[in-house]
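Peer 1: What follows is a predicted structure for the sequence shown.
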Amino acid sequence: MLFEDVVQVLDALDAANLRQWVAGGWGVDALVGWQTRDHRDLDLLVDYARFDDCLTILERLGYAPETDWLPLRLECAAPGGRWVDVHPVSFDDEGGAVLGDRGGAHFDFPPTAFAVGTLNQRLVPCLSAAHQEVVHDGYDPRWQDRHDMALLADLRGKARLATS
């Protein structure tokens, strides 16, 4: 997934006033401020209330559902090796969110899980470094996960130094 493809998706969602947050590798890169590695896909958290709108926008960009693991995720593919992994989240009154079904597998996102980073000077809503670390826990890491976790550890170390 090229940077230009990421921007195309984010711009289309922004034009529709559809809230989204970048997670995964691109989310880590947004926290760092630039692309640090190649990425297979774009992981997006979107407001469940606008999930169908998101799919319509992705369809206009050439994406079609490929792997359905809802309520946790829907992976969409487009020609040219472009992938968007859509994770619908439901928000509560305090600004936190939940991904999945409370009766089954789910992940909680407190209000502090949401941040803003940059990619090539473009503001990118994303998951915070602390929450990126949370979602990277609990499975055997691949090389790209180890890469991302090292970047997050560096960011969190710099944040601790800045506050001491």
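Peer 2: Nice, thanks for sending it over. On a predicted model such as this, the values are computed, not experimentally measured, just so you know. Residues are numbered from 1 along each chain as shown.

Peer 1: Show me which strand runs longest in this protein.
Peer 2: Using DSSP state E, we find that the single longest strand of the chain is strand 82-91.

Peer 1: which residues are contacting the next helix or strand after that one?
Peer 2: Sequence order places strand 97-100 as the next helix or strand after strand 82-91, per DSSP states H and E. Identification of contacts with strand 97-100 by C-beta atoms under 8 Å, 6 or more residues apart in numbering yields 45, 71-72, 87-92, 106-109, 113. For the C-beta atoms, the positions are set from N, CA and C on the backbone; glycine is no exception.

Peer 1: try 10 Å this time
Peer 2: The contact list for strand 97-100 (C-beta atoms under 10 Å, 6 or more residues apart in numbering) reads 21, 23, 45, 47-48, 69-73, 87-92, 105-111, 113-114, 135.

Peer 1: Let me see the mean pLDDT of it.
Peer 2: Strand 97-100 comes out with an average pLDDT of 93.

Peer 1: what residue ranges in this protein score low on pLDDT?
Peer 2: Applying pLDDT under 70 to the chain picks out residues 102, 158-164.

Peer 1: ok so, going back, partner strands of the longest strand of the chain, parallel or antiparallel?
Peer 2: strand 42-47 (parallel), strand 73-78 (antiparallel), strand 97-100 (antiparallel) (DSSP bridges).

Peer 1: In CSV: these, plus mean neighbour count and distance to residue 11.
Peer 2: Output for these, formatted as CSV (neighbours: other C-beta atoms under 10 Å; distance: least, C-beta to C-beta, whole Å):
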stretch, mean neighbour count, distance to residue 11
strand 42-47, 24, 13
strand 73-78, 19, 15
strand 97-100, 19, 23
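
Peer 1: In TSV, list those along with distance to residue 9.
Peer 2: Shown next, in TSV, are the strands paired with strand 82-91 (distance: least, C-beta to C-beta, whole Å):
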stretch	distance to residue 9
strand 42-47	6
strand 73-78	10
strand 97-100	19
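
Peer 1: residues near residue 151, how many?
Peer 2: 19 (other C-beta atoms under 10 Å).

Peer 1: Then residue 35?
Peer 2: Residue 35: 16 neighbours (other C-beta under 10 Å).
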